[in-house]
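Novice: My questions are about this predicted structure, shown below with the sequence.
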Amino acid sequence: MKTELLTSPIDSLQSELLVVFAVNKSENTEKDAKAEPALLASDGAAAKAAADVLTLGDFKAEANETLLLHAPAGLAAKRLLLVGLGKEKKAGANELRKAAGTAVRFAKAKGIRSLAIALPENLDIASSARAIAEGAVLGDYDSDTYRSDRKDRSIDSLSLIASAANKDAAAAGLNEGTIIAESQNFARFLINEPGNYLTPTILGERAKKMASENGLKCEVYSTEKMQELKMGAFLSVAQGSAEPPALIVLTYEPEGAPAEPVMGLVGKGVTFDTGGISLKPADNMEKMKYDMAGGAAMLGAMQAIAQLKPKVKVICVVCATENMPDGKAQKPGDVQIAMSGKSIEVINTDAEGRLVLADGLHYAKTLGATRLINAATLTGAVAIALGQISAGAFSNDDEAYEKFASGLAASGERFWRLPCDDEYRDQIKSSIADIQNTGLTRYGGAINGAMFLKEFVGDTPWIHLDIAALAWLDSEKPWTAKGPTGVAVRSIFEWVRSYAE
Ligand code: BES
Ligand code: ZN
Ligand code: ZN
């Protein structure tokens, strides 16, 4: 999708589809209260064209409500689409992001390939433009890659219309939002790939290609190198697979960045999780192709970092492997020695994400990371704890977490902090080894996963994102396709940027 900023007057704008957002100005919260819809555009031309439907009450400006007008009077555009943002008081960047996605998906369904969106000028200009760009680019994504009847209805061009006075701020927001959302779509594309198309080796190749296109350094380590590094935890997961694992290491070292901090981004890249010998049930097992969503989120964040160039050093480690049952696969009860030297009793081979991340986190530290963040589809339990609205977040450091939490306003993503203090540590004690890879009880499963990872970060400030419940959307929404969401890309990017000079 090509994006451009225009400052032309709305009435004379030639367009297939002109999109104008609207809010409900009524403060009456009762159910049957009459809506007072009002359009948000810098001049009154669109409001004039829509005056009739607005007074008739056909359109209430509820969040993501749409109304299409053909040949709108007094406008050069062929069609005018009104998209609601809901109550005026609550309408902000998050509502704009969704509404822009709704507009794009509306256009796609009709085979319309170009649209113009009027930027509301009553909110912060740069963040509104960014949110609209993000929503539009994210709305353009579809997951039907391998359908023979696939109708590629992607949008060719998006014009954002702003008044001349707001041109620079709007252009900056548009550029940033486009980059961030394209990076998120890159992650979604990877996550959607089936296990037979996206092996650890292919994931390594995709990372290399992205890195070379964006000026990042990238190395992919083979099994031998991981053996030399003594990554016993990571390799134990890979040993049951005919496909070799890949440890993907990317580095971003911008000129002028201070020596510290060095941000360490670590992702779970399990390209297919069968559970291993602790085999998963067949129902829904096909979904386990998305068990590399944490790794993909890190690659997406790296792409955004490479393009938006915050002045801070970043290292990214993606631990890519399959988790398969086989004659060579590890068995429940096996003891593995992690790269850090810690011994691990593997109670359940399906708790493999924490094993690969144990070595990934430790290795990122040996490469010089002084702040760590990891993302992983780590536990089913996080869905039981938090549902599918907020993802889980854990941290050993309040300051690092505060920075992460402050970035959520801009990213528009929802994370909820869960505890991981030492009182929970008893759950992962083993009688034969230093720790075991599952909790002694079924309770607090997401916390047990976090406690295990915490063993490998030491005193380094660290954030763990458990995105298992949000990485995949089962049914489509007006603003986004079903399938991979690319959750965490935006929040990881914001967190990294918050450390930039
Ligand atoms: N990849 C799964 C977690 C998962 C579940 C991701 C559902 C997405 C959707 C992970 O490797 C796993 O199997 N975890 C186990 C841990 C348990 C054995 C302690 C789980 O959650 O059941
Ligand atoms: Zn598993
Ligand atoms: Zn897994």
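Specialist: Perfect, I can see it now. Numbering: from 1, shown residues only. Ligands and ions are numbered 1, 2, ... in the order given.

Novice: Tell me how far whichever residue of the stretch 51-200 of the chain sits closest to ligand 2 lies from Asp466.
Specialist: Evaluated by Cβ to the ion, the stretch 51-200 of the chain has Gly195 as its residue closest to ligand 2, separated by 13.5 Å. Backbone N, C-alpha and C define where each C-beta goes, glycine included. Using Cβ to Cβ, to the nearest Å, Gly195 is found at 21 Å from Asp466.

Novice: Repeat that for Ser157.
Specialist: Distance from Ser157 to Asp466, by Cβ to Cβ: 38 Å.

Novice: try Leu81
Specialist: 38 Å.

Novice: Looking at those two, which is more packed in?
Specialist: Asp466 (33 against 23; other Cβ atoms under 10 Å).

Novice: List the beta-bridge partners for that one.
Specialist: Ala376, Gly392 (DSSP bridges).

Novice: Quick one: name the residues of the chain near ligand 2.
Specialist: 273, 350, 352 (Cβ under 5 Å from the ion).

Novice: Restricting to the residues you listed, which residues neighbour ligand 3?
Specialist: Asp273.

Novice: quick one: which of the residues of the chain next to ligand 2 has the most company?
Specialist: Glu352 (30 neighbours).

Novice: quick one, what contacts the spatially closest residue to Met285 that is not a sequence neighbour?
Specialist: Spatial nearest neighbour of Met285, chain neighbours left out: Thr274 (6.8 Å); criterion: Cβ to Cβ, 6 or more residues apart in numbering. Residues in contact with Thr274 (Cβ atoms under 8 Å, 6 or more residues apart in numbering) are 280, 285, 288, 322-325.

Novice: Could you pull up the contacting residues of the residue of the chain found nearest ligand 2?
Specialist: Here the residue of the chain nearest ligand 2 is Asp350; by Cβ to the ion that distance is 3.8 Å. When contacts are counted by Cβ under 8 Å, 6+ apart, Asp350 touches 273, 275-276, 278-280, 323.

Novice: Of those residues, grab the buried ones for PyMOL.
Specialist: Filtering these down to the buried ones (16 or more other Cβ atoms under 10 Å) takes a single PyMOL command:
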select buried, resi 273+275+276+278+280+323
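
Novice: doesn't Ser8 make contact with Leu160?
Specialist: No. Contact between Leu160 and Ser8 fails when scored by Cβ atoms under 8 Å: they sit 11.3 Å apart.

Novice: Between those two, point out the one with more neighbours.
Specialist: Leu160 (26 against 15).

Novice: Just give the number of residues close to Asp421.
Specialist: Count around Asp421 with other Cβ under 10 Å applied: 10.

Novice: What of Arg113?
Specialist: 15.

Novice: residue boundaries of the strands in the stretch 251-400 of the chain?
Specialist: 262-273, 313-323, 335-337, 343-345, 371-376, 391-395 (DSSP state E, counting those that start in this stretch).

Novice: Now do the buried residues in the fifth one.
Specialist: Across strand 371-376, burial judged by 16+ other Cβ under 10 Å covers 371-376.

Novice: same thing with the third one?
Specialist: By neighbour count with 16+ other Cβ under 10 Å, strand 335-337 contains the buried residues 335-337.

Novice: who in the stretch 301-450 of the chain is up against ligand 3?
Specialist: Gly353.

Novice: Make CSV out of the strands of the stretch 251-400 of the chain and add mean pLDDT.
Specialist: As requested, those are exported to CSV (pLDDT from 0 to 100):
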stretch, mean pLDDT
strand 262-273, 99
strand 313-323, 99
strand 335-337, 99
strand 343-345, 99
strand 371-376, 99
strand 391-395, 99
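
Novice: Take those and lay them out in TSV including distance to ligand 1.
Specialist: Compiled in TSV, those are given as follows (distance: least, Cβ to the nearest ligand atom, whole Å):
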stretch	distance to ligand 1
strand 262-273	5
strand 313-323	7
strand 335-337	16
strand 343-345	13
strand 371-376	8
strand 391-395	11
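
Novice: Which stretch among these approaches Trp416 most closely?
Specialist: strand 391-395 (6.5 Å; Cβ to Cβ).

Novice: Next, the angle from the closest one to strand 371-376.
Specialist: 150 degrees (axes from the mean of the first three to the mean of the last three Cα atoms, to 10 degrees).

Novice: Grab the CA positions of strand 391-395 and hand them over as CSV.
Specialist: Output in CSV follows, covering the C-alpha atoms of strand 391-395 (Å, rounded to 0.1, in the frame of the first residue of the first chain):
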residue,chain,number,x,y,z
ALA,A,391,-1.7,-10.5,27.1
GLY,A,392,0.4,-11.4,30.2
ALA,A,393,3.4,-9.4,31.2
PHE,A,394,6.0,-10.2,33.9
SER,A,395,9.0,-8.4,35.1
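
Novice: Could you list the residues in contact with that strand?
Specialist: Counting by Cβ under 8 Å, 6+ apart, 382, 385-386, 401, 404, 413-420, 446-447, 450, 453-454, 461-467, 469-470, 487-488 sit against strand 391-395.

Novice: how about 7 Å then?
Specialist: Contact with strand 391-395 is made by 382, 385-386, 401, 404, 414-418, 420, 446, 450, 462-467, 469-470, 487, as judged by Cβ atoms under 7 Å, 6 or more residues apart in numbering.

Novice: Also stretch 45-64?
Specialist: So stretch 45-64 is in contact with 10-11, 20, 22-24, 35, 37, 39, 41, 65, 67, 69, 72-75, 80, 82-86, 95, 98-99, 102, 118, 478-479, going by Cβ under 7 Å, 6+ apart.

Novice: for that stretch, how far is the first residue from the last?
Specialist: Using Cα to Cα, to the nearest Å, the end-to-end distance of stretch 45-64 comes to 22 Å.

Novice: Just the mean pLDDT for that stretch, thanks.
Specialist: In this model, stretch 45-64 has a mean pLDDT of 93.

Novice: Tell me the gap between it and the middle of its chain.
Specialist: Remark: stretch 45-64 is offset 34 Å from the chain centroid, using Cα atoms, centre = their mean, to the nearest Å.

Novice: Repeat that for stretch 251-266.
Specialist: With Cα atoms, centre = their mean, you get 21 Å for stretch 251-266.

Novice: tell me which residues of the biggest helix by length in the chain are tucked away?
Specialist: Assignment by DSSP state H gives helix 167-192 as the longest helix of the chain. Residues of helix 167-192 classed as buried by neighbour count (16+ other Cβ under 10 Å): 169-171, 173-192.

Novice: moving C-terminal of it, what's the next helix or strand?
Specialist: Per DSSP states H and E, the first helix or strand lying C-terminal to helix 167-192 is helix 200-214.

Novice: can you list the weak-confidence ranges in the stretch 351-500 of the chain?
Specialist: Nowhere does the stretch 351-500 of the chain drop to pLDDT under 70.

Novice: What's the local residue count around the residue in it that ligand 3 sits nearest to?
Specialist: Across the stretch 351-500 of the chain, no residue is closer to ligand 3 than Gly353, which sits at 4.5 Å (Cβ to the ion). Using other Cβ under 10 Å, Gly353 has 28 other residues around it.

Novice: Write out the residues of this structure neighbouring ligand 1.
Specialist: 273, 291, 348, 350-353, 377, 379-381, 438, 445, 468 (Cβ under 6 Å from any ligand atom).

Novice: could you give the angle of the longest helix of the chain to strand 262-273?
Specialist: 40 degrees.

Novice: average pLDDT across helix 167-192?
Specialist: 98.

Novice: so how far is it off the chain centroid?
Specialist: So, by Cα atoms, centre = their mean, the centroid of helix 167-192 is 11 Å from its chain's centroid.

Novice: could you check the angle helix 200-214 makes with it?
Specialist: 160 degrees.

Novice: And helix 167-192, what does it pack against?
Specialist: strand 2-6, helix 125-139, helix 200-214, helix 293-308, strand 483-484, helix 489-497 (3 or more Cβ pairs under 7 Å, 6 or more residues apart in numbering; DSSP states H and E).
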